[in-house]
Each structure stands twice: as structure tokens, then as C-alpha cells.
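**Q** Just need the structure, nothing else, for what follows:
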Amino acid sequence: MVFLRGVLALSRLRSRVNQQSNRSNSLRWLQTQSSSDLDLHSQLKELIPEQQERLKKLKAEHGKVQLGNITVDMVLGGMRGMTGLLWETSLLDPDEGIRFRGLSIPECQKLLPAAKPDGEPLPEGLLWLLLTGKVPSKAQVDALSQELRSRAVVPDYVFKAIDALPVSAHPMTQFATGVMALQVQSEFQKAYEKGIPKSKYWEPTYEDALSLIARVPIVASYVYRRIYKDGKIIAMDDSLDYGGNFSHILGFNSPQMQELMRLYVTIHSDHEGGNVSAHTGHLVGSALSDPYLSFSAALNGLAGPLHGLANQEVLLWIKSVVDECGENISKEQLKEYVWKTLNNGKVVPGFGHGVLRKTDPRYTCQREFALKHLPDDLLFQLVSKLYEVVPPILTELGKVKNPWPNVDAHSGVLLNHFGLTEARCHMKLFLQIL
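**A** From the prediction side, this is the model:
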């Protein structure tokens, strides 16, 4: 399924009437396409040549098709609303929210394998879905988990490169430095220097990408524990999956935190390609920069306060409400505080979205997680009150196209509940593009 916005916009008019039946047909297609082959590389070896030919045909047959008009506002607004990117793995619909290969978040929670019955989906399962368009079996996900663990080896010189920086350096600066140091082992760079054919670029890229995915939790946890835990490092647990292990090496071993990390990584894994970090990685990669270089560039985009600081700012704002008004704030007091924030020329962080026009489904799934695991948490109760109070005020204000909460309105509070209280490391927990 190719999500080319311009083409999809034309077909969407025809599909609205049969939306529900089409969705169920899509799910049946995904389920019947599940393969018994446990090796992700073998799956891609079959799929990629087909896609290469498909794109050639698309260009040959439709290369001159116009996808819209360009306005001055689009140019000055950072290409907002401009059709300019092919992004197959996810689609952000203004009304439905994010879909991964056609599946909504609730559908992913239902169909993708979990670590335990009725648990959150394993991120490895979403990775398989994004790369292949197929819903994996539990055996396929377990095999991918094992492969990622086998690749999770970080050379000492990476840690030495990080240690050359002051401990006070920003976490993202240290993280990007570690990723750049990993680039020394790039398989793509070696293959390119030997003259690999263009049709085979994907193979060393795949090797780099999977090794990078396997290693970045170790680098991220090293930075976190270097800054906040006196440098005491925790080894990986070979019995745990990707999300569970990330929680473990950060230093959080409660089953609930491990479940949260599985959900957190899953819902932040892809969000179309137009945001700063994803677009940066795509752009740098187009120059045949290897995945390490592209990912490091994307991290530097994520470090910008208008992109990666959103959930940190939400948490700090919520804590400022508590500091000024107390933990048991009433809805009326909360309304006054919200109006005070707006009248001072500030925004209420965590509300509104550049594309969405309804509540972000990533917010909704986190709210459901909180209702299940931490219903009595005072900050969560405050977030719930904000859900009731803020949208009507923003609607009354009349300047906001979308008054509803986005993903960042909730994530910081969940991390804070389980002990990850250092706001500087809430920068999507290095995860939006992980």
C-alpha cells in the first residue's frame, strides 16, 4: 500500500462511503499475508525488487501527473500542505489520526503480537509491519527480537567519544555524538566504496539500519545514566524484548513500565515523513549518507525546542499548575489558570496539531493505559481535567483549528509516574525517530 497523498486524496472521495467494509477487507488482507518465514531479510529480499519495479512503472506512467498548486503561503510556511513526499509506511488522516500500513492504533494493539496476553504490542512487530506491510506472527517477532539482541553490541570507543563531552552537555548532544561514533562500522559506506550496484543498496542499508536500531537504546541509556545515575550502567537482559530491555537498561524494571515502553516506542515509531526529524533523515539519506549519518542528522532536528521539547514542556506546565494551585485543583480553578496562560500570550502545551482535527489517537491509547495502570495518579487526574477544560476554551478563543490534545499531552505524565522524572530526557525519550 503506497500512501502518496496526492493520489490518495483522489481515491479518498470514492472510498468514504465504503470505509468500514474497506477497512475490514484491509485487515483480512494483512492477516492472510502473514508468512511462516521467520527471517525479515528474506522477506525484504522478495519484496524490494517488486517495489523497485513498481516505482519505475509509477514514474513512467504517471510522472507528468500534477498533484496540486503551490502557493506563497506554502513556501513561506515551510511546505505546509504541499504534496512533496512519498511515504509508504504511515498516513496521518486529519479525522482518523495515524495509520501504520493502513492499521489504526487500536487495530495494531489487537493484531500485533504482545509480550503477554492483552498486553501492549511489541515494537518489533510494528517494525516488521512497517517494512513488509504484513502482520507478523509471534514467532517472527520473537526471531526479530533475538536478532536485535545479537546486534546490540556497542564498541568501547563510542562510550569514550561520549565521555569526552562534559556531563553537563545536553542529552541530545551526547546521544548524537554516540550515534556518529557508531558510524565507523557502517556496512553501507564499505559497500559503496567497493562499488555496489544501485539495485543492491538496500542490503547494506538494511544491515546498518537493524544494527542501529539494536544499539541506540544502549547509547541512549548510557547517556541517561551518565548524567543522572552516576554512570552506573545496566547490562541488557537476554530474556527481554526490545521495549522491555530499553526500560530495564534505563533502570526501570516494573512490568508496568516495561509495558509502557513497548507502547511508547510503538506509537512513536512512525508519523509520516513531514515532521522535522523524519524529513531531515529522509533528506540526508537521499545523498546516500548511511543510516548512522542520517539518523544523527535527524536527532539534531529533534533536539530543536519546537519539535522534540513538546512533552517536556507539557510536563513542566502541568507541574507549574500544581505549584500554583495545588494538587486537588478544581475545574473552575483550572479554567482560570488556562485563561491566565492564554492572556499572557502563551499557549497551552499539548493541545492542537498541524494536521489532526480531532483528539490524537496516540493520546487516547496513553489515556487508556493510564486508566488501567495508574488511575489514582494525581498528575494523570489533572491531565484528565485538562481534557475536559481546555478544548472548549480554545474553541471559544476561535484561533485554533484543532483544540484537542495531541500525543505530548500525556506521555510526560506517564514517564514521570514510573520514575523517569528528568524532564530533559523526556525529549520523546530519544524515540520519535528511533
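**Q** so which helix or strand takes in Val65?
**A** Using DSSP states H and E, Val65 falls within no helix or strand.
**Q** now Asp376: how far from Asn406?
**A** Relative to Asn406, Asp376 is positioned 25 Å away (Cβ to Cβ, to the nearest Å). For the C-beta atoms, the positions are set from N, CA and C on the backbone; glycine is no exception.
**Q** In terms of packing, which of the two has more residues around it?
**A** Each of Asp376 and Asn406 has its neighbours counted (other Cβ atoms under 10 Å); Asn406 has more, 23 against 6.
**Q** who touches stretch 39-51?
**A** Here stretch 39-51 makes contact (Cβ atoms under 8 Å, 6 or more residues apart in numbering) with 35, 37, 128, 131-134, 140, 143-144, 147, 199, 202, 206, 210.
**Q** Over to stretch 111-129?
**A** By Cβ under 8 Å, 6+ apart, stretch 111-129 touches 27, 30-31, 40, 100-101, 103, 108-109, 134-138, 140-141, 144-145, 148, 213, 241-244, 258-260, 262-263, 265-266, 269-270, 369.
**Q** that older thread, give me the buried entries from the contacts of stretch 39-51.
**A** Trp128, Leu131, Thr132, Gly133, Lys134, Gln140, Ala143, Leu144, Glu147, Trp202, Tyr206, Leu210 (16 or more other Cβ atoms under 10 Å).
**Q** Pick the one among the residues you listed closest to Gly398.
**A** Nearest to Gly398 among the buried ones among the contacts of stretch 39-51, counting by Cβ to Cβ, is Gly133 at 41.8 Å.
**Q** Look up how far Ser330 lies from the closest residue to the closest one other than its chain neighbours.
**A** Excluding the flanking residues, the one nearest Gly133 by Cβ to Cβ, 6 or more residues apart in numbering is Arg101, at 5.1 Å. Counting by Cβ to Cβ, the separation of Arg101 from Ser330 is 44 Å.
**Q** okay, those two: which has more neighbours?
**A** Arg101 (22 against 11).
**Q** My read is that the more buried one contacts Thr89, right?
**A** Yes: Arg101 is in contact with Thr89 according to Cβ atoms under 8 Å; the separation is 6.4 Å.
**Q** Find residues that contact each of those two.
**A** Listed as contacting both Arg101 and Thr89 by Cβ under 8 Å, 6+ apart are Leu130.
**Q** what's the distance between the residue most central in space within the chain and Val407?
**A** Computing the C-alpha centroid of the chain and ranking residues by Cα atoms, centre = their mean puts His268 first, at 2.0 Å. As for His268, its distance to Val407 is 8 Å (criterion: Cβ to Cβ).
**Q** Could you do Asp376 as well?
**A** According to Cβ to Cβ, Asp376 and Val407 sit 23 Å apart.
**Q** Ok, Lys340 next?
**A** Taking Cβ to Cβ, one finds Lys340 at 25 Å from Val407.
**Q** try Ser42
**A** If you measure Ser42 against Val407 using Cβ to Cβ, the figure is 34 Å.
**Q** sorry, back to before: hey, what's in contact with both of His268 and Val407?
**A** Residues touching both His268 and Val407 by Cβ under 8 Å, 6+ apart: Arg362.
**Q** Check which helices and strands the lengthiest helix in the chain is in contact with.
**A** What stands out as the longest helix in the chain, according to DSSP state H, is helix 202-228. Contacts defined by 3 or more Cβ pairs under 8 Å, 6 or more residues apart in numbering; DSSP states H and E place helix 202-228 against helix 40-62, helix 138-151, helix 156-163, helix 171-182, helix 187-193, helix 242-250, helix 291-302.
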